[in-house]
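In: Mind looking at a prediction? Sequence and model below.
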Amino acid sequence: MKKIMSYIVGATLAAVFTGVTVLAEDKDDNGGLISLRGDTQLADGQNAEDLKKVAKTQDAIERGFLHQPPLIPHKIEKYQVNLKTNKCLSCHSWKNYRKEKATKISLTHYETRDGEVLSNVSPRRYFCSQCHAPQTDGEPLIENVFSTVGELK
């Protein structure tokens with residue numbers, strides 16, 4: 001059994017080192033693929049673009065389509081949302097929304113997918129930024145001819 005394991009480990013190491021050598025030789029060849037970063041190699045790296053400015057409004061942002069999650073009208077850059085804490089709930093929970101003058105969380109966020117109503121936010125709705133995003137002042141990346149439901153004729 002030990003001999004078999006030794007052979008397997010040896011063969012695996014040989015395959016790994018052979019693969020690394022091949023990758024090192026082909027580092028300038030993209031195999032015919034064209035990257036969105038152009039001719040810049042991955043190892044060269046580039047500085048990330050500056051973050052877009054979050055729209056400076058405290059008013060609710062109009063929704064563009066039916067069932068669209070509301071956009072966040074404020075910065076959330078330093079908000080901590082993990083298994084132990086959710087900064088969003090400090091203002092938007094049913095307990096705090098009046099005191100903070102914030103929008104309260106929808107009742108749907110307290111339901112399981114089977115329709116069971118919970119006393120706390122459902123685990124599937126706990127990580128707010130899965131659906132909700134802050135609105136920025138960024139320009140559209142591509143031409144957009146989207147019309148809201150109210151604008152359709």
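Out: Sure, I can see it.
In: after the one helix or strand in the chain whose mean pLDDT sits lowest, next one along is what?
Out: Least confident helix or strand of the chain, by mean pLDDT, DSSP states H and E, is helix 2-25 with a mean of 64. Note on helix 2-25: by DSSP states H and E, the next helix or strand toward the C-terminus is helix 89-92.
In: Would you mind identifying the next helix or strand past that next one?
Out: Next along from helix 89-92, by DSSP H and E: helix 97-100.
In: just how off-centre is that next one within its chain?
Out: Relative to its parent chain, helix 97-100 has a centroid offset of 27 Å by CA atoms, centre = their mean, to the nearest Å.
In: How about residues contacting that helix?
Out: With contact meaning CB atoms under 8 Å, 6 or more residues apart in numbering, helix 97-100 is reached by 90-92, 103-105. (Each C-beta comes from the backbone N, C-alpha and C, glycine too.)
In: Which of those sits closest to residue 147?
Out: Closest to residue 147 out of these is residue 103 (25.7 Å), distances taken as CB to CB.
In: Show the pLDDT at that closest one.
Out: On pLDDT, residue 103 comes in at 88.
In: quick one, what contacts the nearest residue to residue 76 once chain neighbours are set aside?
Out: Leaving out its chain neighbours, the residue that sits closest to residue 76 by CB to CB, 6 or more residues apart in numbering is residue 134, at 5.7 Å. Neighbour list for residue 134: 54-55, 71-76 [criterion: CB under 8 Å, 6+ apart].
In: What subset of these is buried?
Out: Among these, those buried by neighbour count (16 or more other CB atoms under 10 Å) are 54-55, 71-73, 76.
In: show me where pLDDT drops low in this protein?
Out: 15-30, 37, 45-46, 51-52, 55-58, 149-153 (pLDDT under 70).
In: Can you give me the distance of the residue nearest the centre of it to residue 71?
Out: For the chain, the residue nearest the mean C-alpha position is residue 130 (6.1 Å; CA atoms, centre = their mean). Using CB to CB, to the nearest Å, residue 130 is found at 14 Å from residue 71.
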